[in-house]
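**Q** model this:
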Amino acid sequence: MGLTAAGRFSLAVQAGLACVAADPLRESAHRALIQAYLEEGNPSLALRQYHRFRQVAEEDLGLEPTEHIKRLVRPFASVA
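**A** Numbers count the residues shown, from 1 in each chain. Here you go, the predicted structure:
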């Protein structure tokens with residue numbers, strides 16, 4: 001069972017932040033952190049994290065985020 005599934009949102013956020021710091025280009029790390037923020041009830045931080053990832057992915061890889069990560073934040077903002 002994952003931390004968010006266990007309701008341990010603070011630990012899930014901490015783990016997500018560590019994963020993103022270790023590998024800033026890894027979408028799955030950003031996705032897990034965004035999910036933890038959403039489960040914690042913090043959509044503003046989830047959106048901020050999405051935009052950070054989008055910027056890194058575009059600048060470093062020339063890629064757009066996948067539809068999977070976009071779906072997480074789409075209910076809270078207009079995400080192309």
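
**Q** E64 is in contact with R54, correct?
**A** Yes: here R54 reaches E64: they are 7.4 Å apart, a contact under CB atoms under 8 Å. Any C-beta I mention is one placed from the backbone N, CA and C, and that applies to glycine too.

**Q** For the two, indicate the residue with more neighbours.
**A** Shown here are R54 and E64; by other CB atoms under 10 Å, R54 has more neighbours (19 against 12).

**Q** give me the element that one is part of.
**A** Element membership for R54, per DSSP states H and E: helix 43-56.

**Q** so how far is that helix off the chain centroid?
**A** 7 Å (CA atoms, centre = their mean, to the nearest Å).

**Q** any idea how far the most centrally placed residue in the chain lies from L3?
**A** Compute the mean C-alpha point of the chain, and by CA atoms, centre = their mean the closest residue is I34, 2.9 Å away. Distance from I34 to L3, counting by CB to CB, to the nearest Å: 14 Å.

**Q** Could I get the buried residue list for stretch 33-43?
**A** L33, I34, Q35, A36, Y37, L38, E39, E40, P43 (16 or more other CB atoms under 10 Å).
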